[in-house]
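In: requesting a structural model of the entry that follows:
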Amino acid sequence: MSTKISDKLLRSLSPTREIGAHKWGVGGVLVIAGSPAYPGASWLASRSAGRNGAGIVYLATPRGVIATMASAMPEVAFVPLPDTDAPGSARRAVERLHDPLQKVKAVVVGPGLGDDDSTNLLLSTLFGFGERADHGGFNIGFGGDSLPAAAHESIFDLTDAPIVLDADGLNWLARQGEWWQHMPAQRLVLTPHPGEAQRLSGIDIKEIVADPAGTAKTLAGKWNQVVVIKSGFAAVSDGKTTLVADLAPTSLATAGSGDCLAGAIGAFVAQGCAPIDAVTLAIGIGSRAATDLERIWGIGGVIATDLPDAMAKAMLALS
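Out: I've put the predicted structure just below:
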C-alpha cells in the first residue's frame, strides 16, 4: 500500500525557520560533484540545494571546475579537490573533505563526477571499500592509490549525516558486489532512474517502469536504505512506508533534472527532515515546479537550469 503525495502532505512536511536562525542552524549541505566533462551538474545540484533552503552549500569539485563555476555561484563555499593523477590523490581528496563533513547535515555524492577509474578510486576511498578500487586514473585525477579498508576513515566515520547517492555515484555502487552488506543501514538515499535501478538490482527494466512504487519498496527492503525510483509517477520507500508522486510531468525528461532533485533532497535533509520526508518534498515540489514551467515554455522547452528557481516558487505557493 502506498500513499499519494498531496499539497496537504507537502505543507505538513515543509521545514520552517525560527526567528534568529543562522546558516549552520538551518543546515549545511556538502555536494561532491562535477568534472571537466560535466561541470554543470555541480551547478545544478548546488543551486537546487540553496534554492530549497540549505543554509550553506559546500561544493567539493576539482580545481578546474571551480575556475569555471566560481563566478556563477558566489554564495557557494568551494572545497578544491586534487586536479592531478599523482599517487595518493584520492586519499588527499578525502582528507580535504574532513572539515566540511564535520559541519554539514547532509551530503550529496555523484552528479557529474564521471564514470571512470578516477571516480572509482575516489568513491572507493571515501566509502571505505579500499582494495576494491581498481588502479589507474584519468579525467578528474583521483588516481594512484588503493588503500586497505582499515587504513583510513570512511565517510561513515566522519559524519552521521545522511548521504544522497546519485548519478555516477550509483554507477560506481552498481559495480560493488553485494554492496548493501558493507553499508550502514538507513544511511543512504539512492535516487536511480530505471536504467540505474536495473544495474543496481538486476531487475528487468520493464518491471521497474511498470511498477516504480513496488520496485522502490522491494529494493529499500532488500538494501535497508531509502530508495526513490525516478520514472513516471516517481516513488520513494524506506521498506516500510512508500509514497508516490501525484504528478508525472514529462518535461522532467531532460538532462540535469536528477541533479536538481538530488540537491533538493540534500537541502531538506539538512533542514531536519527525515530522509523519506526529504525525498517526498523534493519529488512533490519538483513535479509542481516542472508543471508550472510547462505553462511558460511548453513540455519540450523546460531545461534543468529552470528548475531550482521554480522549485523555490512552488514551495512559496504552498505556504
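In: what segments of this protein are strands?
Out: 3-4, 28-32, 56-62, 77-81, 106-109, 163-165, 188-190, 226-229, 235-237, 242-244 (DSSP state E).
In: for the first one, name the packing helices and strands.
Out: The helices and strands touching strand 3-4, judged by 3 or more CB pairs under 8 Å, 6 or more residues apart in numbering; DSSP states H and E, are strand 242-244. For the C-beta atoms, the positions are set from N, CA and C on the backbone; glycine is no exception.
In: hmm, who's touching the strand it packs on?
Out: Residues outside strand 242-244 that contact it (CB atoms under 8 Å, 6 or more residues apart in numbering) are 1-5, 212-213, 216-217, 233-237, 276, 280, 283.
In: can you get me a residue count around the nearest residue to Ser251 once chain neighbours are set aside?
Out: Spatial nearest neighbour of Ser251, excluding adjacent residues (CB to CB, 6 or more residues apart in numbering): Val302 at 3.9 Å. Neighbours of Val302 under the rule other CB atoms under 10 Å: 25.
In: the one 5 residues further on too?
Out: By other CB under 10 Å, 30 other residues sit near Leu307.
In: can you count the residues close to the closest residue to it other than its chain neighbours?
Out: Excluding its sequence neighbours, the residue lying closest to Leu307 (CB to CB, 6+ apart) is Cys260, at 4.4 Å. Neighbour count of Cys260, defined by other CB under 10 Å: 31.
In: list the contacts for Cys260?
Out: By CB under 8 Å, 6+ apart, the contact set of Cys260 is 44-45, 47-48, 286, 304, 307-308, 311.
In: can I get those residues in JSON lines including distance to Ala77 and pLDDT?
Out: Output for these, formatted as JSON lines (distance: CB to CB, whole Å; pLDDT from 0 to 100):
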{"residue": "Leu44", "distance to Ala77": "17", "pLDDT": "98"}
{"residue": "Ala45", "distance to Ala77": "14", "pLDDT": "98"}
{"residue": "Arg47", "distance to Ala77": "14", "pLDDT": "98"}
{"residue": "Ser48", "distance to Ala77": "16", "pLDDT": "98"}
{"residue": "Gly286", "distance to Ala77": "25", "pLDDT": "98"}
{"residue": "Ala304", "distance to Ala77": "23", "pLDDT": "98"}
{"residue": "Leu307", "distance to Ala77": "22", "pLDDT": "98"}
{"residue": "Pro308", "distance to Ala77": "18", "pLDDT": "98"}
{"residue": "Met311", "distance to Ala77": "21", "pLDDT": "98"}
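In: so which of the residues you listed wins on neighbours?
Out: Neighbour counts for the contacts of Cys260 (other CB under 10 Å) peak at Ala45, which has 37 neighbours.
In: run through the residues that contact that residue.
Out: Counting by CB under 8 Å, 6+ apart, Ala45 touches 31, 33, 108, 111-112, 166, 259-260, 262-263, 266.
In: any idea how far Thr3 is from Lys217?
Out: To Lys217, Thr3 is 12 Å away according to CB to CB, to the nearest Å.
In: so which residue is dead centre in the protein?
Out: Residue closest to the average C-alpha location in the chain (CA atoms, centre = their mean): Ala262, at 3.5 Å.
In: looks like that one contacts Gly112 (just checking).
Out: No - using CB atoms under 8 Å, Ala262 makes no contact with Gly112, being 10.5 Å away.
In: what sits in contact with each of these two?
Out: Residues touching both Ala262 and Gly112 comprise 45, 167, with contact defined as CB under 8 Å, 6+ apart.
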